[in-house]
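J.: Have a look at this fold, sequence not included:
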């Protein structure tokens, strides 16, 4: 760690007996970068449960008259499912999940043949801000797409950002209805479903334990911000600031005190101490969310953001850790199953980084030493 420069810190402890094995500036508040996603992952898994799912619904207050004719509007209401979209995209990107085609098929099977009204995209579960604090809440390439409660295909349209996500989703849903031979007379627009609207069809997301893995393996900032907004209560509108606050409350309840302004770690103001990060990993290990959090992390030399690092040596296949990168910041925190049969928790937070390759080399050397620990 002396080669890491300042400010930097690290902390390593033994999960078998709780022994502190290494500490270096471990009580310093340091920028987390994407290590903030560790707290987001834990909070989301507690909020929804590892097997919990996010539901996208079709609602209406209209009346069914005649042979399958709905007199009224159809509302496509999102709840922040980051894996919702077109069947082709969803299957190729996630291996399954909720799609507009499934919704259309379920409406057809329920007897719907014509909508004498409009298809309306409803994103009211979240605010309409498209990004996080680092971009002034505007859509940003660093986030990776525009945020919306009615997100569709990761906010993308043929590789470009959607300019109006709920309108785009409404258009795609109307097209899926047409392909299923359900006629829509009133076109598409955006709006909010009225009170008293009843659900006509719904689709569920993948389980949360799979969604957090989809987020953490490549360190997807957009997924993290979508999930952070969605962590709010049922009667509350999702915002980035409220989501970050609730993630902080979750960590506080376990005895740890990160300072967070978003869910992804894109902000340099997302900070914690290496001691808190490592001890957080120790704390959650035996909790309900522990296995899913562990399994969501990249494996050294195998997958995700660690696929090309530590491809041999004791750390290969034994260390599961979250990377983090921002301008001047590099981080690595997670678990290593050691040669001695112990599970060690560690956090290495490096700020003031001028050479990212050098920072990675130092972190990898430390992870190799951690994984090679024989214990006592």
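T.: Thanks, I have it. Everything numeric in this text was worked out from a predicted model, so none of it was measured. Numbers count the residues shown, from 1 in each chain.

J.: The lowest-mean-pLDDT helix or strand in the chain pairs with which strands, and in what direction?
T.: Sorting the helices and strands of the chain by mean pLDDT, DSSP states H and E puts strand 63-65 at the bottom, at a mean of 91. Strand pairing for strand 63-65, using DSSP bridges, gives strand 69-71 (antiparallel).

J.: what residues does the strand it pairs with touch?
T.: Strand 69-71 is contacted from outside by 60, 62, 63, 64, 65, 112, 113, 114, 115, 116, 117, using C-beta atoms under 8 Å, 6 or more residues apart in numbering. (Glycine included, C-beta is placed from N, CA and C.)

J.: any idea how far residue 23 is from residue 375?
T.: According to C-beta to C-beta, to the nearest Å, residue 375 and residue 23 sit 18 Å apart.

J.: which among the contacts of strand 69-71 end up buried?
T.: Buried members of the contacts of strand 69-71, counted by 16 or more other C-beta atoms under 10 Å: 60, 62, 64, 112, 113, 114, 115, 116, 117.

J.: picking up where we left off before, can you give the contact residues for the least confident helix or strand of the chain?
T.: 70, 71, 72, 111, 112.

J.: quick one, what contacts the closest residue to the third one other than its chain neighbours?
T.: Ranked by C-beta to C-beta, 6 or more residues apart in numbering and with sequence neighbours excluded, the top spatial neighbour of residue 72 is residue 62, at 1.8 Å. For residue 62, the residues meeting the contact criterion (C-beta under 8 Å, 6+ apart) are 70, 71, 72, 73, 74, 115, 116, 117.

J.: Pick out the most distant pair among those residues.
T.: 71 and 74 (11.4 Å; C-beta to C-beta).

J.: residue ranges with poor pLDDT in this protein?
T.: 376 (pLDDT under 70).

J.: the strands in the stretch 251-376 of the chain, which residues?
T.: 271-272, 319-326, 329-337, 343-351 (DSSP state E, counting those that start in this stretch).

J.: picking that back up, could I get the contacts of strand 63-65 in a markdown table, plus columns for distance to residue 220?
T.: Listed next are the contacts of strand 63-65 as a markdown table, based on distance: C-beta to C-beta, whole Å:
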| residue | distance to residue 220 |
| --- | --- |
| 70 | 37 |
| 71 | 42 |
| 72 | 37 |
| 111 | 39 |
| 112 | 35 |
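
J.: Weed out the non-buried ones from those residues.
T.: The buried subset of those - by 16+ other C-beta under 10 Å - is 70, 72, 112.

J.: so which of those comes closest to residue 246?
T.: For these, the nearest to residue 246 is residue 72 (35.7 Å; C-beta to C-beta).

J.: Surely the closest one and residue 119 touch.
T.: No: shown here, residue 72 and residue 119 do not form a contact pair, counting by C-beta atoms under 8 Å, at 11.3 Å.

J.: how about the strands in the stretch 1-150 of the chain?
T.: 8-14, 20-24, 30-31, 55-60, 63-65, 69-71, 74-77, 114-115, 119-122.

J.: Could you save those strands as TSV and add columns showing distance to residue 365?
T.: Listed next are the strands of the stretch 1-150 of the chain as TSV, based on distance: least, C-beta to C-beta, whole Å:
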stretch	distance to residue 365
strand 8-14	12
strand 20-24	13
strand 30-31	19
strand 55-60	46
strand 63-65	67
strand 69-71	64
strand 74-77	50
strand 114-115	62
strand 119-122	51
